[in-house]
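The sequence isn't on hand, but the structure is:
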């Protein structure tokens, strides 16, 4: 039996951030990770081809560059280096045009003006508004509830940035936002495509805010990638933590949280070890894995799960599943109409309406006939990812969770059981979409890997059914309602000493470290309160 001030369960980005902040406060911290490497959804590998680095899960990190939880750790001092593609984001259209987001807003504006006169100035006006509201808004969205200080800053910024008109813009659905402010379709494609990173329907309130957030972050901080692969971000977090005196144990699967005298006092592992925690247990695990639900056994023994949380978990919703395809390409993607600037991220859909249809089919438990693809040209973003003249490339798209009968909106060949046959057939559908925009793409494929919902969950238990965000990002499970209304958007679980610090907690998915940071802050505040008694 070992004893530390805190035990962190799970070595994903949120667990690593929580561990670092607690270690910085002088706590002795033990981090336990079930896999053989830390990182969770921040990992990279060479299993597809020895000369190619592929990011296994997440790849681009605008939220990392904007989040105080991560930037305050100064990971560059621990070996992390960032790289950027020439352009942030591109969206090719069947007629050969591209909607482009360049890090230089003047370039973005010029490209928009080339497609529709007047859109360039409208874009610069939008960027100017974001300059006034963006920092306090990001702080408010990622900080703990209630966001008192950030809220005051947001209200002060609103007065000089458009007031209620700006509030209306932020609440406008992504599919409508472009039409309201621009004459052409480039801005609408960029915002709606970025909104599609979450599972909020692009025609619903909340989607516009999320899409605008990612789009403006792309304009201000870019979509950076770690030099050498996503795993380098996790490695830097681990090096920093260990340099501060923290201890990491990998291959350690936690099976239960120990509760004694009404307080979380440690954890037990599959290996039979017990690790005691004087002050806090921080769980970087899915809410399903911590609290349990119908058909799920949680780490917290059922008698200790507060009744109000147990009731809330009955209606807890996962976000959709995911199918991700990695390719090792012998050359760059042969776009039929080359973009004006090479983009790191490329979205694939013929129109905003097609994005909306694809996401609506997923919400209706139908496998999309023409899936909306999010893709990454990783060698374009970081030349270390593969040999010169080649491309490390991936694409992913959302599919329905398999908790209800699934239909195929396409040719009926995909059943939604996501065995190897399903995965390969659906990957063919995804590849065919790219081939239409990049004829000859298939001839450049050296090798291909398909990770369906089952494979993603096997590699990272938090990706339940291939869900990337720890639970739906729709408004009924966001902010004070995340993960359940009984928690009020806070990391406290109702069990003293136990904190939820994963993407299931506020503010949700994305590699920003905020749930882990919020949990670490709450643990420190409660310790100080106990000492004052």
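Looks like it came in fine. Treat the numbers as computed from the prediction; the structure is a model and nothing was measured.

Need the mean per-residue confidence for stretch 284-300.
Averaging pLDDT along stretch 284-300 yields 94.

ends of it, how far apart?
Between the start and the finish of stretch 284-300 there is a gap of 13 Å, counting by Cα to Cα, to the nearest Å.

Now do the same contact list for residue 291.
With contact taken as Cβ atoms under 8 Å, 6 or more residues apart in numbering, residue 291 is in contact with 298, 300, 305, 309-310, 313, 493. In this view, the C-beta of every residue, glycine as well, is placed from N, C-alpha and C.

Can you tell me which of the residues you listed comes closest to residue 130?
The nearest member of the contacts of residue 291 to residue 130, counting by Cβ to Cβ, is residue 493 at 35.3 Å.

hey, where'd the strands end up in the stretch 401-533 of the chain?
Assigned strands in the stretch 401-533 of the chain, in chain order: 407-408, 445-451, 498-500 (criterion: DSSP state E, counting those that start in this stretch).

And the stretch 151-300 of the chain, by the same measure?
So, for the stretch 151-300 of the chain - with DSSP E, counting those that start in this stretch - the strands run 225-226, 247-250, 254-260, 263-269, 274-283.

which of the ones you listed is buried the deepest?
Counting by mean count of other Cβ atoms under 10 Å, strand 225-226 has the highest mean neighbour count of the strands of the stretch 151-300 of the chain, with a mean of 28.

one step back: could you identify which of the strands of the stretch 401-533 of the chain is most buried?
Scoring these by mean neighbour count under mean count of other Cβ under 10 Å gives strand 498-500 as the most buried, with a mean of 29.

for that one, packing partners?
Applying 3 or more Cβ pairs under 8 Å, 6 or more residues apart in numbering; DSSP states H and E, one finds that strand 498-500 contacts strand 274-283, helix 514-532.

Let me have the ones you listed in CSV, extended by distance to residue 16.
Output for the helices and strands packed on strand 498-500, formatted as CSV (distance: least, Cβ to Cβ, whole Å):
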stretch, distance to residue 16
strand 274-283, 11
helix 514-532, 7
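
how about the strands of the stretch 151-300 of the chain, which one is nearest residue 374?
Among the strands of the stretch 151-300 of the chain, strand 225-226 sits nearest to residue 374 (Cβ to Cβ), with 14.3 Å.

List the pairing partners of the closest one within its sheet, with orientation.
strand 82-83 (antiparallel) (DSSP bridges).

Partner strands of the helix or strand that comes right after the strand it pairs with, with direction?
Next helix or strand after strand 82-83 toward the C-terminus (DSSP states H and E): strand 87-92. Using DSSP bridges, strand 87-92 pairs in its sheet with strand 98-101 (antiparallel), strand 343-348 (parallel).

Show the average pLDDT along strand 87-92.
In this model, strand 87-92 carries a mean pLDDT of 98.

From the chain's centroid, how far away is that strand?
Averaging C-alpha coordinates over strand 87-92 and over its chain gives two centres that are 19 Å apart (Cα atoms, centre = their mean, to the nearest Å).

what comes into contact with it?
By Cβ under 8 Å, 6+ apart, the residues outside strand 87-92 that reach it are 98-103, 186, 189-190, 193-194, 215, 218-219, 222-223, 335, 337, 339-349, 437.

Wait, residue 377 touches residue 329, no?
No: using Cβ atoms under 8 Å as the test, residue 377 is too far from residue 329 to be in contact (9.3 Å).

tell me, what's touching the two both at once?
Here residue 377 and residue 329 have 391, 393 as joint contacts, going by Cβ under 8 Å, 6+ apart.

that older thread, out of the strands of the stretch 151-300 of the chain, nearest to residue 359?
Each of those was scored for nearness to residue 359 using Cβ to Cβ, and the closest is strand 225-226 (25.3 Å).

The strands paired with strand 87-92: which one's closest to residue 48?
With distances scored as Cβ to Cβ, the stretch of the strands paired with strand 87-92 nearest to residue 48 is strand 343-348 (19.0 Å).

still on that earlier bit, mind putting the strands of the stretch 151-300 of the chain into TSV with distance to residue 238?
Below are the strands of the stretch 151-300 of the chain laid out as TSV (distance: least, Cβ to Cβ, whole Å):
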stretch	distance to residue 238
strand 225-226	13
strand 247-250	6
strand 254-260	18
strand 263-269	19
strand 274-283	16
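
Could you give me the buried positions within stretch 137-148?
Neighbour-count burial for stretch 137-148, with 16 or more other Cβ atoms under 10 Å as criterion, is recorded at 137-145, 147.
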